[in-house]
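# no FASTA, just this:
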Ligand SMILES: Nc1ncnc2c1ncn2[C@@H]1O[C@H](COP(=O)(O)OP(=O)(O)O)[C@@H](O)[C@H]1O
Ligand SMILES: Nc1ncnc2c1ncn2[C@@H]1O[C@H](COP(=O)(O)OP(=O)(O)O)[C@@H](O)[C@H]1O
Ligand SMILES: Nc1ncnc2c1ncn2[C@@H]1O[C@H](COP(=O)(O)OP(=O)(O)O)[C@@H](O)[C@H]1O
């Protein structure tokens, strides 16, 4: 029952997804007629799926801290290291609380709106230990708490991804305030649109296995707007701003890779063949992207760099995120091989042309990589290209759907983010003073220094 | 069978625990009458539970090294970094050997004493590949080797927790000798008292899901006594003793968070709903405590610090340890929100008043947080507060029991620890010389330096 | 069905292994007579095994980066840090692609040769989502993609192990070229010989549970030859070449320990008792080896060092690798106790005598430890010594077989490696210039520096 | 010949170097130092333990110059390093007996 | 005007600074240095490879003072930095031509 | 008495120290510095952002010696530190008024 079919049809996937997003809460069932209950013979979670989702969930936490913290933190100057770690940690913690208070409800609260999950599950109301959520397979359920926890980690890491774009000059209060507002008005709605059975983008038939749109394009666009609206770092283009620890950046990137298996395989919601496919694809797209970034650097500047390999690693992970469950292994490698040169061209050439200061290249890697992944999923899911799409899969129409989904996300996220930055600027101010920036955010915002002897 | 009921009664939990602690060893069965064997239809471990316990077990190792090593190590000066890493590593290794030689027997060796597990399982005598241990669910067993390995990691990390209290001046030999003695005369007995069906505290009905008493209060109290008896660091209150790497401290804390899911969820012993509840609670208490510590700092000094967030992280994890399996998600958040301000007040005010030098605040975070957690478990397990206590759960009587358990632990651990420090001081001496301390323990005790260029 | 019997006979193990290495590919089945298909009632993978192998697989990736990268990287000078991280990352990525292109086929492609897996599975040809691989238990299968991914991580980390031997002077292109050639002409053939049912060493009955021969002796020997043929570092024996960060080395070692549970337990291919045994043995051999290395240092130089403890950790992990599934817990401790002093003697005395420059002691730890483990497996698998060998197990004959297997590996690997180094030297040159070496490989080969302020 | 030794704020290094290059000085040596003076430091707090950090990061620049261009050098540094805020630093000038270029053995002003 | 340059043991910095403050000196610059002298270093061993570390961590303090208080400064440092054990360090005094405060352009003793 | 101050390439430290010991000098102080001069630096690129690193790592050695052995010292350093390639460094010599050994209070040449 848990095997993932080669002929797994996308429409079936969509149907199953519907189920997944209408958790069969025990409480609700209790109020249902006895007859239904008997008929349902309510499925119970499989212990293996419980163990699997437990692992996947904590892996995503590991991506946030230490993973993302180190990846971004290594890229900034030593005097701003703690500010990055602090933002990742605190935004993550705040988002977890927000998630159980209203986030889960806004995204998956059961409403029939195309944009909004409703207020039905504020404070996880109605969720009990016995509540279950459906998966992509009929009759297979997982604990609703497991689904909530898994999705909670997504809601924690996505806003934290943004902060890399305006690192080294943002006010701590602004970072926290912005991300909470952004989660409320961008992330929860778009998560609903993409993953909820009633969601706008979901009903269009767009494919986004593990969140290429919801997480990466979304965070990338918010980062881009943020980098522009917060403005460049003082001394940008003049002062030495080399990464204070490439070692930590690589460690963070490698931890992200490790944790990303939770992100991608976990999005299968059960320990079935689909999780295995997502796993091998997550290896291969990343491997392809690492190699491709190194080759691109080698051709253009004669040397491959460690930061290039680390950037390729992330680009590969981003690009395979929407695709992990539906493309084949060779398709995954090809996606990785495509993603890196494009991202590299963006961060090394296009960005410099435009002159904005996206500290950690959130847009250049997550945004650009996410777009390639979303579109590429429409292509490489085709069975003729080794993907698991149904026999009647149409590259043209799926790709069109993917592009529309990407555009909706970019427009929604772009406009709302810009408004929110403006509001935050008016309320608490976005930037620290030039003196504080020069002293470093660690001392000026947190009263500490990252390193002593 | 594996679902965790909302009405899960505490008495049933206790009964199951009894089973858990009297492993159904295959060897024992062989000597039993054939009739019993047939009747028993000996349950075999579920593969999902095996995979789950395997994961939980290695997560606890990850807490010890690199987790705890980095968390503590980052807090000391660079010249003492290796001494901390070394103590964590070697104490862990020695304890693993001690555990199979006599520790497992002393804690879970099958004796009916209220204080001592007996000599029945020295050198794991009688344990085979087919031996099983019961879990909290009737008819569900895990491999006894899995139970031994899981508990072994607890026995490895708990003594290592203590060393943070007297870091930067302890003799290496004293650290190892003390912790082995302490494990023998404090940890094994208290583990037996709390977790064995015949144990003094267990039979009182005290709740300690994952070791709030056995691990955290225990280590915290031993740390406090140690900080006082070993004495302050040379230059304490005068020299700069800021953490040499807050980065590593945060990395360590985040690794502890990650690993703690093994600690807490793994204590459920099977991949059932109880593990899921423990998982979500471990997220939320920690999130609450991070936010609360930051707010407390913000109110009292105008800034939230990274060390504060990291300390809140640990305080939240400590406080939810005894509670993870029986409180609800909102209760977990509240526990976290309470723990941080109290711990913060302790380490920033009370400790300074008393003037002892607990290098890594082992008592201030593990001791104080552990006590709040133990008492709080008595409160938030109440079904009226979202907990999973039985309908007839009495906050007053359970809290009373919890307090008694805490007091027994404090008294036993306090007195025995003081005696052991005295003995170790007489045998090998507790402290290094002032010159060695000034040079740093890395060079003077281990002949190495942590960093070169 | 999944329980691992104490009387588990080695011949049965061998038989099962055969099955494991002849994956029951869906494609193949389609061409088989219908009768066979019906009779087979094709077993489907258990979800628990799927979750387990997923975990084991990503753990091995975690060993490579950040694990091995940090372990080796901490040992070199700061100016060469990135080159080590880069080599680990890029070699891993390249090997993953090589693995799906031809590596899997060369090792497990289904040919009946004793040395070569054939061309049957180039580009994973014929592998589908429903393909399965057998395990050591009749009727238990795992997804073939899971087997491919798991083995892929082995193929990624093994060549990366070698680079520690000639770190700080190798050309980046040479490192990548050599390892790919080495994988092709040494690793894949020896993996086939040891793990494939038709393999030369397999059919001899040699035991190598998780790759003591294939991975550790193999990498160790290639490292030794490399250290000699690449030549000593400029300034060797004169300049200060102390590890630039013992902290990172310990972190890497601890991550290796954590990940090694994937390596060892995962080699059981299912979440059965054998995995539990491998787990507890992986704890205990390591604990024993840590303690033994510290004692050895303490006796010979009066102090135990952190690098000693970390080296012991790795030595213990290496020695238990071939033995993890068949020795008992006490046997594992003894193996660890033996491995450390021998490795210590080798790296501190023998190596200095011979005067070659094996930067990270790849041969001294992986080679020497691997040999002890291979031979020790022949001894401690004996039931009389607590092992799980069959009643008729003969220490003498098994140990003889083990030694022959070791010798074949050493000879094959030694000769082929030497030729390959020669070829690589002719094609791209093995070493960077003395100036580049002095400037550091990070700047000269990659145009970056690991650390800035 | 003289050595002009200046203590400056770290972020002024590039401006100072450019100012010196502009007046024809093309060699200098920089050291990371910590300064104590009128400029106040800051306080760091770690879990309630307060440390007053009174030494601030500065850079020390040493430039050997022929005596006749000392004033030019001092002026170049002064104007480039000045922010007008406390802690801008100091310049000290002292004489050296002679100078040698290791590579060639050239001495005195040829050595610079 | 003179510069008093002292090499001291690192853990003596605070005492020295206090002693200097006590005699009215309120500016100084500190550099982390490594010293080689009569005081023995130590040996580090990494997996059997031995390294003799003969350079020991010291701090160099530089203080510009009017010539008349050089002796006071030297005495203050000597008594504060002394432990009586080998490796306590040295004090060297040399003359400077002039001093400038970058912020104000003040010179010589006003610059200090 | 004089101070011989030399800027050298880092990997030459041990040879220089040995050369100095050979001529009877057994005390010196070393500082890590960055040098700017004729020797070209390098370029580092991080994701397309290029940084020209023009300051190169050097070591500064300071040795207080009696005036009469200044030349010996300078020669010892010159020959040990020379590679013949650009960037070998400089030696500057200046006079000190006096020297003190903190431990004993000995002064001048006895202090060395
Ligand atoms: N007497 C002194 N001797 C040596 N260095 C000094 C002296 N006074 C100040 N300095 C250096 O100059 C720096 C700036 O001095 P400070 O008094 O803070 O401000 P300002 O330069 O504006 O007077 C100090 O941090 C210190 O490095
Ligand atoms: N001739 C010298 N020139 C410069 N620095 C010196 C000289 N001799 C010693 N030093 C510095 O003084 C420090 C202490 O000297 P040492 O001979 O070890 O002990 P002591 O100061 O007790 O004589 C050395 O570490 C070095 O930094
Ligand atoms: N005028 C100067 N004042 C102080 N230091 C200098 C001066 N010129 C050069 N240096 C130092 O000497 C080092 C070597 O000088 P450079 O011009 O690169 O080569 P060379 O020594 O061969 O002439 C520089 O890196 C710098 O530290």
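Thanks, I have the structure now. Model, not experiment: these values are computed from the prediction. Numbering: from 1, shown residues only, chains lettered A, B, ... in the order given. Ligands and ions are numbered 1, 2, ... in the order given.
# from here on, contacts and neighbour counts on C-alpha atoms
OK.
# Residue D:46 is in contact with residue D:52, correct?
No: taking contacts as CA atoms under 8 Å, residue D:52 lies outside contact range of residue D:46: 11.4 Å.
# Show me which of those two is the more surrounded one.
Taking other CA atoms under 10 Å in any protein chain shown, residue D:52 and residue D:46 do not tie; residue D:46 has more neighbours (21 against 12).
# Now do the contacts for residue 70.
I'll assume chain A. A:85, A:248, A:249, A:251, A:252, A:253 (CA atoms under 8 Å, 6 or more residues apart in numbering or on different chains).
# my bad, chain D
Residue D:70 is in contact with D:2, D:4, counting by CA under 8 Å, 6+ apart.
# Please identify the helix or strand for it.
Taking DSSP states H and E as the definition, one finds residue D:70 inside helix D:70-81.
# name the helices or strands packed onto whichever helix or strand comes after that helix?
On the C-terminal side of helix D:70-81, the closest following helix or strand by DSSP H and E is strand D:90-95. Counting contacts by 3 or more CA pairs under 8 Å, 6 or more residues apart in numbering or on different chains; DSSP states H and E, strand D:90-95 packs against strand D:2-8, strand E:98-101.
# Just give me the closest of the contacts of residue A:70 to ligand 1.
Of all those, residue A:85 has the smallest distance to ligand 1: 30.0 Å, by CA to the nearest ligand atom.
# And the closest one, its phi and psi?
Per-residue torsions, residue A:85: phi -60, psi -40 (degrees, to the nearest 10).
# Look up phi and psi at the residue nearest to it when sequence neighbours are not counted.
Among residues not flanking residue A:85 along the chain, residue A:69 sits closest, at 4.9 Å (CA to CA, 6 or more residues apart in numbering or on different chains). With angles defined as degrees, to the nearest 10, residue A:69 sits at phi -60, psi -40.
# where's the residue in the stretch 101-250 of chain A that ligand 3 sits nearest to, which helix or strand?
Here the stretch 101-250 of chain A gets closest to ligand 3 at one residue, residue A:240, 18.7 Å apart by CA to the nearest ligand atom. Using DSSP H and E, residue A:240 maps to neither a helix nor a strand.
# you'd agree it is up against residue F:51?
Yes: using CA under 8 Å, residue A:240 is in contact with residue F:51, at 6.6 Å.
# helix, strand or coil for residue A:242?
Of the three states, residue A:242 takes coil according to DSSP: H, G, I helix; E, B strand; the rest coil.
# ranking the helices and strands packed on strand D:90-95 by burial, who's on top?
Of all the helices and strands packed on strand D:90-95, strand D:2-8 has the most neighbours on average by mean count of other CA atoms under 10 Å in any protein chain shown, namely a mean of 25.
# between the helices and strands packed on strand D:90-95, which one is nearest to ligand 2?
Using CA to the nearest ligand atom, these put strand D:2-8 closest to ligand 2, at 18.5 Å.
# tell me what the closest one is packed against?
Using 3+ CA pairs under 8 Å, 6+ apart, strand D:2-8 is in contact with strand D:56-65, helix D:70-81, strand D:90-95.
# in its sheet, what does the shortest one sit against?
Spelled out, that is strand D:90-95. strand D:2-8 (antiparallel), strand E:98-101 (antiparallel) (DSSP bridges).
# Compare these and give me the one nearest residue F:67.
When these are compared by CA to CA, strand D:2-8 sits nearest residue F:67, at 18.6 Å.
# could you give the angle of the helix or strand that that closest one is followed by to helix D:70-81?
Following strand D:2-8 in sequence order, the next helix or strand is helix D:13-22 (DSSP H and E). Between helix D:13-22 and helix D:70-81, the angle comes out at 150 degrees (axes from the mean of the first three to the mean of the last three CA atoms, to 10 degrees).
# Does anything pack onto the following helix or strand past helix D:13-22? Which helices or strands?
Counting by DSSP H and E, the element after helix D:13-22 in chain order, helix or strand, is strand D:28-36. The contact analysis (3+ CA pairs under 8 Å, 6+ apart) places strand D:28-36 against strand D:56-65, strand E:28-36, strand F:28-36.
# and chain D, which of its residues are near chain E?
D:31-38, D:78-79, D:81-95 (CA under 8 Å from any CA of the partner chain).
# Name only those of those that count as buried.
Listed as buried from the residues of chain D next to chain E are D:31-37, D:78, D:81-82, D:87-95; burial here means 16 or more other CA atoms under 10 Å in any protein chain shown.
# sorry, back to before: got CSV for the helices and strands packed on strand D:2-8, with mean pLDDT and distance to residue C:197 too?
Shown next, in CSV, are those (pLDDT from 0 to 100; distance: least, CA to CA, whole Å):
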stretch, mean pLDDT, distance to residue C:197
strand D:56-65, 97, 66
helix D:70-81, 97, 75
strand D:90-95, 98, 79
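# would you list these in a markdown table and tack on distance to residue A:186?
Output for the helices and strands packed on strand D:2-8, formatted as a markdown table (distance: least, CA to CA, whole Å):
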| stretch | distance to residue A:186 |
| --- | --- |
| strand D:56-65 | 43 |
| helix D:70-81 | 46 |
| strand D:90-95 | 53 |
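# just to revisit the earlier point, between the contacts of residue A:70, which is closest to residue B:199?
So of the contacts of residue A:70, ranked by how close each gets to residue B:199 (CA to CA), first place is residue A:85, at 43.3 Å.
# ok, how many other residues are close to the closest one?
Counted with other CA under 10 Å, residue A:85 comes out at 28.
# give the contact list for it.
With contact taken as CA under 8 Å, 6+ apart, residue A:85 is in contact with A:65, A:69, A:70, A:73, B:247, B:250, B:306.
# Narrow those residues to those in helices?
Of the contacts of residue A:85, the ones assigned to helices by DSSP state H are A:69, A:70, A:73, B:247, B:250, B:306.
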